[in-house]
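Engineer: below is the structure, and that's it, no one-letter string:
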């Protein structure tokens with residue numbers, strides 16, 4: 001973001017993500033109940049629920065069924081948090097490396113090779129009289 005403010009993850013964002021992942025047109029009453037349970041009983045934010053959803057589906061490669069809902073996501077709060085923390089650390093490391101590369105490039109002098117003058121090599125000229133042929137030594 002331009003002013004370094006983190007985007008607030010709202011319930012509507014979570015519901016849209018759940019619909020996309022589960023292939024639903026709208027949130028079912030059971031999933032609404034599970035969202036309330038996760039937020040009230042497990043002190044999870046909407047963003048934490050979404051991160052658990054992403055970790056479970058994309059990282060672990062498992063599927064969530066609308067029949068069973070999303071209640072299972074409460075079990076994955078810690079691994080999902082660790083995964084996203086590692087992603088953030090990796091992103092910070094990449095930023096640091098990119099800054100180092102920029103600093104390194106700023107300290108290098110870059111030449112345009114086409115602008116450098118190249119002298120063509122002149123072929124060595126031979127005097128035909130200096131070449132000894134067969135029979136020249138015999139005449140003297």
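Structural biologist: It's in. None of the values given here were measured: they were computed from a predicted structure.
Engineer: can you pull out the helices in this protein?
Structural biologist: 11-22, 29-40, 46-54, 77-106, 136-139 (DSSP state H).
Engineer: tell me which of these sits most buried.
Structural biologist: Comparing these by mean neighbour count (mean count of other Cβ atoms under 10 Å), helix 46-54 ranks first with a mean of 21. Yep, even glycine has a C-beta here, placed from its N, CA and C like the rest.
Engineer: quick one, which of the helices of the chain is nearest to residue 121?
Structural biologist: Comparing the helices of the chain by their distance to residue 121 (Cβ to Cβ), the top pick is helix 136-139, with 30.9 Å.
Engineer: low-confidence ranges, this structure, go.
Structural biologist: For the chain, the stretches with pLDDT under 70 are 1-6, 106-118, 134-140.
Engineer: so which residue is dead centre in it?
Structural biologist: By Cα atoms, centre = their mean, the mean C-alpha position of the chain lies nearest to residue 91, the distance being 8.0 Å.
Engineer: what's near enough to touch that one?
Structural biologist: If a contact means Cβ atoms under 8 Å, 6 or more residues apart in numbering, then residue 91 has no contacts.
Engineer: how close does it sit to residue 13?
Structural biologist: Per Cβ to Cβ, to the nearest Å, residue 91 is found 21 Å from residue 13.
Engineer: surely residue 9 meets residue 50?
Structural biologist: Yes. The pair residue 9 / residue 50 is scored as a contact, 6.3 Å apart, by Cβ atoms under 8 Å.
Engineer: what's the nearest residue to residue 71 once chain neighbours are set aside in contact with, if anything?
Structural biologist: Sequence neighbours aside, residue 34 is the residue nearest to residue 71 in space, at 4.7 Å (criterion: Cβ to Cβ, 6 or more residues apart in numbering). Contacts for residue 34 (Cβ under 8 Å, 6+ apart) come out as 69, 70, 71.
Engineer: ok, residue 101 next?
Structural biologist: Applying Cβ under 8 Å, 6+ apart, we find residue 101 in contact with no residue.
Engineer: run through the residues that contact the residue nearest to residue 55 when sequence neighbours are not counted.
Structural biologist: Of all residues not flanking residue 55 in the chain, residue 80 sits nearest, at 3.7 Å (Cβ to Cβ, 6+ apart). By Cβ under 8 Å, 6+ apart, the residues touching residue 80 are 48, 51, 52, 54, 55, 56.
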